[in-house]
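>>> Need the 3D shape of this:
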Amino acid sequence: MAKEKPVAKSKSRRGGSPTFTEQARRTQIVTAAAALFMEQGFANTSMDQIASRVGVSRGVLFYYFDGKAEIGEHTLRLAVRAYSDYVRDRVERRRTARGKLREFSDACLDYQAEHPDLYIAFVELIGCLGENEEKFRLTQSLNQRTRSQLVAIIQGGINSGELANVDASALADILQGFVDGMMEMIAMEPGAVSLPTTKRLWHRMLDSVL
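All right, here's what the predicted structure looks like:
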């Protein structure tokens, strides 16, 4: 495959904050690229294919992005934001610490079951971007933010007397480990996992600790 060469960018437009129109175009490009990555994989998607899907020239893509790797970074941000917003919205509807912890795991598993292709594309992007600093920043930020939120929920429940006096950090790690493992299983073998049964058993295990 021929190496894709970027064209000159407009310094005045790329140098400052993007206009509303520019931001809308960038979002359109990233959304189209994300769909292609889910359909055929990041490695198998070319800039030509992204341009064709959007209905613009390659030159337009290179005006907004340095190349496919940068589009991949923005796709990761899109995936992380969509997942985080979904889980946060569900957790915030619950009023008790126990309810929030249950809802956290339920929401993560439900999102995975509803969007398995997005998870697979996310994992492939993580691998294809190699030593990309933005990749590490995004994944580390997601893990740290999730852990901090879980610890805060657990510690709040302990302080209010709702939950038993457990190690909040250790329990947060166990919760994350359970969710990560189950999300991978759902993506790899969706038909092999019974979500209702898994949730019910996990709630019982969680209640026995709390």
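>>> show me the contacts for the most centrally placed residue in the chain.
Centroid-nearest residue in the chain: Val80, 2.6 Å away (criterion: CA atoms, centre = their mean). Listed by CB atoms under 8 Å, 6 or more residues apart in numbering, the contact set of Val80 reads Leu138, Leu142. Every C-beta, even on glycine, is put in place using the N, C-alpha and C of the backbone.
>>> quick thing: my sequence starts at 9, can you match it?
Will do, 9 is the new start, and the previous item becomes Val88.
>>> Any figure for the gap between it and Phe70?
Distance of Val88 to Phe70, computed by CB to CB, to the nearest Å: 25 Å.
>>> Show me the shaky parts of this structure.
9-24, 138, 140 (pLDDT under 70).
>>> residue farthest from the centroid of this structure?
Distance to centre of the chain, CA atoms, centre = their mean, peaks at Gly169 (33.3 Å).
>>> Distance-wise, check that one relative to Leu218.
From Gly169 to Leu218 the distance is 12 Å (CB to CB).
>>> now do Lys143
Taking CB to CB, one finds Lys143 at 35 Å from Leu218.
>>> Let me know the secondary structure of Arg208.
Three-state assignment for Arg208 (DSSP: H, G, I helix; E, B strand; the rest coil): helix.
>>> What residues sit buried inside stretch 143-157?
Going by neighbour count (16 or more other CB atoms under 10 Å), the buried part of stretch 143-157 is Lys143, Leu146, Leu150, Thr154, Gln157.
>>> just stretch 97-115 next, same as before
Under 16+ other CB under 10 Å, the buried positions of stretch 97-115 are Arg98, Val99, Ala105, Arg106, Lys108, Leu109, Arg110, Glu111, Phe112, Ser113, Asp114, Ala115.
>>> Tell me which helix or strand comes right after the lengthiest helix in the chain.
As assigned by DSSP state H, the longest helix anywhere in the chain is helix 141-168. Counting by DSSP states H and E, the next helix or strand C-terminal to helix 141-168 is helix 176-196.
>>> Distance from the chain centre to that next one, please.
Mean-position distance between helix 176-196 and its chain equals 14 Å (CA atoms, centre = their mean, to the nearest Å).
>>> My guess is Asp114 contacts Arg98. True?
Yes - using CB atoms under 8 Å, Asp114 is in contact with Arg98, at 7.4 Å.
>>> any common contacting residues for the two?
In terms of CB under 8 Å, 6+ apart, Asp114 and Arg98 are not both contacted by any residue.
>>> Which stretches in this structure count as strands?
Assigned by DSSP state E, the chain shows no strands.
>>> and it, what are its domains?
Domain assignment for the chain by automatic domain parsing gives 27-77, 84-217.
>>> how long is the shortest one end to end?
Using CA to CA, to the nearest Å, the end-to-end distance of domain 27-77 comes to 23 Å.
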